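Engineer: Please work out how this folds:
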Amino acid sequence: MLKNKFSSLFFKLLFLLIFIIIIEAIIIYIGYKASLDLLHLTIFLESLY
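Structural biologist: The predicted model follows:
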């Protein structure tokens, strides 16, 4: 019984991990499109210091 509960929890965590990875991949893809603007902004901010 305990092992079955642990297995269920493990699969829930695995599913959550996959879900987070997919969301991060989407965020990275969107961020990659804006990365040049971000790079220019970073260079601009570093030049201020």
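Engineer: And the next helix or strand past the helix or strand in which Lys3 is found?
Structural biologist: Here Lys3 sits within helix 2-33, counting by DSSP states H and E. Next along the chain after helix 2-33, taking DSSP H and E as the criterion, comes helix 35-48.
Engineer: For Lys12, the count of nearby residues, please.
Structural biologist: 10 (other C-beta atoms under 10 Å). Quick note: C-beta positions are derived from backbone N, CA and C, even for glycine.
Engineer: And it, how far from Thr42?
Structural biologist: 38 Å (C-beta to C-beta, to the nearest Å).
Engineer: go on, Phe6?
Structural biologist: 45 Å.
Engineer: Over to Gly31?
Structural biologist: Counting by C-beta to C-beta, the gap from Gly31 to Thr42 is 13 Å.
Engineer: which regions of the chain lie under the pLDDT threshold?
Structural biologist: Low-confidence segments of the chain (pLDDT under 70): 1.
Engineer: again, 90 this time
Structural biologist: Within the chain, the segments meeting pLDDT under 90 span 1-7, 28-49.
Engineer: center of it, which residue is that?
Structural biologist: Nearest to the mean C-alpha position of the chain, by C-alpha atoms, centre = their mean, lies Glu24 at 2.8 Å.
Engineer: In contact with that one, which residues?
Structural biologist: With contacts defined as C-beta atoms under 8 Å, 6 or more residues apart in numbering, Glu24 has no neighbours.
Engineer: and Glu46, how many neighbours?
Structural biologist: With other C-beta under 10 Å as criterion, Glu46 counts 8.
Engineer: Kindly report the same for Gly31.
Structural biologist: 11.
Engineer: likewise His40?
Structural biologist: Based on other C-beta under 10 Å, the number of other residues close to His40 is 10.
Engineer: before we move on, what about the one 3 residues further on?
Structural biologist: If you count neighbours by other C-beta under 10 Å, Ile43 ends up with 9.
Engineer: And it, how close does it get to Tyr32?
Structural biologist: 17 Å.
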